[in-house]
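S.K.: Have a look at this prediction, sequence included:
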Amino acid sequence: MSAAIDTGDTAWMLVATALVLMMTPALGLFYAGLVRSKNTLNTFMMSIAAIAVASMTWAAVGYSLAFDGDGSLIGGLGNAFLSGVDFAPRQGGTIPELVFFAFQATFCIITVALISGAVVERMRFGPFLVFAALWSVLVYAVLAHWAFGGGWLMANGTLDFAGGVPVEMGSGFSALAAALVVGARKEWGRQALLPHNAVYVLLGAGLLWFGWFGFNGGSGFGTGHPSVLAFTNTLLCPACTLVVWFALDLIRGRKVTAIGAATAIVVGCVAITPAGGFVSPGWGMLLGALAALPSYAIIVWRTRTRVDETLDVLAAHGTAGFFGILFIGFFAQASWNGVSDGLFYGNAAQLGDQALAAFAAPAYAFVMTFVLLKLIGVVMPLRAGDREEALGMDVVQHGEEAYVTGEGAILLLPDDVGKVAVPVADPG
Amino acid sequence: MKLVIGIVRPEQANQVLEALHRAEVRGFSMSRVQGHGGEVERVETYRGTTVQMGLSEKVRFEVAVSDGFVDKTVAAICEGGRTGEVGDGKIFVVPLDQAVRIRTGDSDEGAVTPVSR
């Protein structure tokens, strides 16, 4: 209970937390537009489920493992079940720890939701819930501890402003592992599997960008210089990514595409996530422009492979997060961030610290997710059968349709329910 | 000259398209329809309202062919549309009195035979 509560900081962090929570339904909308209409609800529900599951696990043990103590690899259990988390600030903070907890919870939630993009249209809902619960503790909390909670990367001097390590690389490389374990959709590589609503995709990306001002702007945990710098970088960097993406689209297909634009917004926001509070607005703009290139290349390359990492979480989040983390090592500027210079300003060691994170985090996320899903797969089948996949996950997993017309629907009175018909997904 | 009408599952529509392509049937139209053919009905629940969905989404192919193509067309729709479960659909072959290609005024056999541009 060192510093006093600052009401201005607290007010902003309350708002920022709500903004970040909104990003998860926004992501659900973005993802739902990218899948076929028969999988709209299931895809959206995976994001909603992340809110349900990861909030529970974060309150139970996740927060404690990430932020209690400064163990090298993992935190303690001192704050398990919110023990000791109350109106007093954390050490060095100016906001109640309850707000800090909630803000960090929203990060865990959206990271879990992000991974769903790799397995939509075929993974069963039940195993996804189990995976979400275990992943949020075994992978997210650990990576968050390394980068934010006093773990070895943070102690070593790695700079990660708003989650390049746990959120972006954590989700991106876990998504690759998940796609490999769950396997491709059955028509993958044989038929064109197209987005069913590009407007959802654009609106989802727009809302994500809006929420990202809380995500990056809140990661200074107040209203000081780092938050202000990250906030403005969150405007400039994705705008530059958009421009470069337009140019790449023009060169490659002679037309600027809407879904490309939505992707560019996400890529730009991801790239500035680790760097937001550490680089000047000018370098932030360069980061946005350059970050478009590797992500664009990976999207083009990935569709030619057999890997059905369906919604390109690796390209948008893993790659751009990796790029942003390394970029700090070159262009961080102590005159802007008050912490450290990068290689360009004479501090080559910073690049080494960044490179360490850029290889350790993906390796941990990939291996852990691969093993975790293999183990869950032993206990319960991860994916739906071919017939169910053909029918669509909305009807099979949820008994609802996104675009139901009501024609031919016969109302069942409460007494009839259960007697009349067999659900279509009934095995056999 | 016959009109072949094939009503298939929407999820099999792409397979039917591929089979028609392999059978060198080049001209057809398709539409989304709703129908019922004895398959088990789906039960869905919307916030406490439980309904039995009596109609299923289907895709209807209409292919006008000269007599020599009738069997090939029927075989292609069967091959592409079959999953082996109730609800795979039906094929109807009906006589066709007249066909006209609007662009040229060609009629009958000439109108249903694809031309190369």
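M.R.: Alright, I've got the coordinates.
S.K.: Could you find the closest non-adjacent residue to the residue in the stretch 201-350 of chain A that chain B sits nearest to?
M.R.: At 16.9 Å from chain B, A:D308 is the closest residue in the stretch 201-350 of chain A, using C-beta to the nearest C-beta. Quick note: C-beta positions are derived from backbone N, CA and C, even for glycine. Residue nearest to A:D308 in three dimensions, not counting chain neighbours: A:A184, with 3.4 Å by C-beta to C-beta, 6 or more residues apart in numbering or on different chains.
S.K.: what do you get for A:V181?
M.R.: Counting by C-beta to C-beta, 6+ apart, the residue nearest A:V181 is A:L373, at 4.1 Å.
S.K.: The one you found against A:A175, yeah?
M.R.: No - between A:L373 and A:A175 no contact is recorded; they are 11.2 Å apart, counting by C-beta atoms under 8 Å.
S.K.: how much space between the residue lying closest to A:A59 once chain neighbours are set aside and A:S55?
M.R.: Excluding the flanking residues, the one nearest A:A59 by C-beta to C-beta, 6+ apart is A:L82, at 5.7 Å. Look at A:L82 and A:S55: by C-beta to C-beta, to the nearest Å, they are 12 Å apart.
S.K.: Show me which of those two is the more surrounded one.
M.R.: Taking neighbours as other C-beta atoms under 10 Å in any protein chain shown, A:L82 and A:S55 compare with A:S55 leading, 18 against 15.
S.K.: Just the element for the more buried one, please.
M.R.: Assigned by DSSP states H and E, A:S55 belongs to helix A:40-57.
S.K.: Name the residues that touch that helix?
M.R.: Helix A:40-57 is contacted from outside by A:21, A:24-25, A:27-29, A:31-32, A:34-35, A:62, A:105, A:108-113, A:116, A:120-121, A:125, A:128-129, A:132-133, A:136-137, A:140, A:196-197, A:392-394, A:397-398, A:400-403, using C-beta atoms under 8 Å, 6 or more residues apart in numbering or on different chains.
S.K.: Give me the neighbour count for the residue of chain B found nearest chain A.
M.R.: For chain B, the residue closest to chain A is B:L55, as judged by C-beta to the nearest C-beta, at 3.1 Å. For B:L55, the neighbour count with other C-beta under 10 Å is 17.
S.K.: Let me see the contact set for it.
M.R.: Listed by C-beta under 8 Å, 6+ apart, the contact partners of B:L55 are A:E407, A:G408, A:A409, B:Q34, B:G35, B:H36.
S.K.: Buried by neighbour count, from these: which ones?
M.R.: With burial judged by 16 or more other C-beta atoms under 10 Å in any protein chain shown, the buried subset of those is A:A409, B:G35.
S.K.: B:E79: which of the contacts of B:L55 is nearest?
M.R.: Closest approach between those and B:E79, by C-beta to C-beta: B:G35, at 20.9 Å.
S.K.: Got the phi and psi for that closest one?
M.R.: Torsion angles at B:G35 (phi, psi; degrees, to the nearest 10) stand at phi -160, psi 180.
S.K.: Surely it and B:K58 touch.
M.R.: Yes - between B:G35 and B:K58 there is a contact at 4.9 Å, judged by C-beta under 8 Å.
S.K.: Show me whatever sits in contact with both of those two.
M.R.: Common neighbours of B:G35 and B:K58 (C-beta under 8 Å, 6+ apart) are B:I7.
S.K.: Tell me which strands the top strand by length along chain B pairs with, and in which orientation.
M.R.: When chain B is parsed with DSSP state E, its longest strand is strand B:56-65. Next to strand B:56-65 in the sheet, as set by DSSP bridges, lie strand B:2-8 (antiparallel), strand B:29-35 (antiparallel).
S.K.: Pick the most buried one from those strands.
M.R.: Ranked by mean neighbour count, the strands paired with strand B:56-65 are led by strand B:2-8 with a mean of 21 (mean count of other C-beta atoms under 10 Å in any protein chain shown).
S.K.: still on that earlier bit, just the mean pLDDT for the helix holding A:S55, thanks.
M.R.: Helix A:40-57 carries an average pLDDT of 98.
S.K.: who's in contact with the helix or strand just after it?
M.R.: Next helix or strand after helix A:40-57 toward the C-terminus (DSSP H and E): helix A:63-67. Here helix A:63-67 makes contact (C-beta under 8 Å, 6+ apart) with A:74-80, A:82-83, A:85, A:90, A:101, A:104-105, A:137, A:140-142, A:144-145, A:148-150.
S.K.: Using CSV, write down the CA coordinates of whichever helix or strand comes after helix A:63-67.
M.R.: Toward the C-terminus, helix A:63-67 is succeeded by helix A:97-115 as the next helix or strand (DSSP H and E). The C-alpha coordinates for helix A:97-115 follow below in CSV (Å, rounded to 0.1, in the frame of the first residue of the first chain):
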residue,chain,number,x,y,z
GLU,A,97,-6.0,-3.7,-7.6
LEU,A,98,-9.6,-4.8,-8.4
VAL,A,99,-9.5,-2.6,-11.5
PHE,A,100,-6.0,-3.9,-12.4
PHE,A,101,-7.3,-7.4,-12.0
ALA,A,102,-10.4,-6.7,-14.2
PHE,A,103,-8.2,-5.0,-16.9
GLN,A,104,-5.8,-7.9,-17.1
ALA,A,105,-8.8,-10.4,-17.1
THR,A,106,-10.1,-8.8,-20.4
PHE,A,107,-6.7,-9.5,-21.9
CYS,A,108,-6.8,-13.1,-21.0
ILE,A,109,-10.3,-13.4,-22.4
ILE,A,110,-9.6,-12.0,-25.8
THR,A,111,-6.4,-14.0,-26.2
VAL,A,112,-8.4,-17.2,-25.6
ALA,A,113,-11.0,-16.0,-28.1
LEU,A,114,-8.4,-15.2,-30.7
ILE,A,115,-7.2,-18.9,-30.9
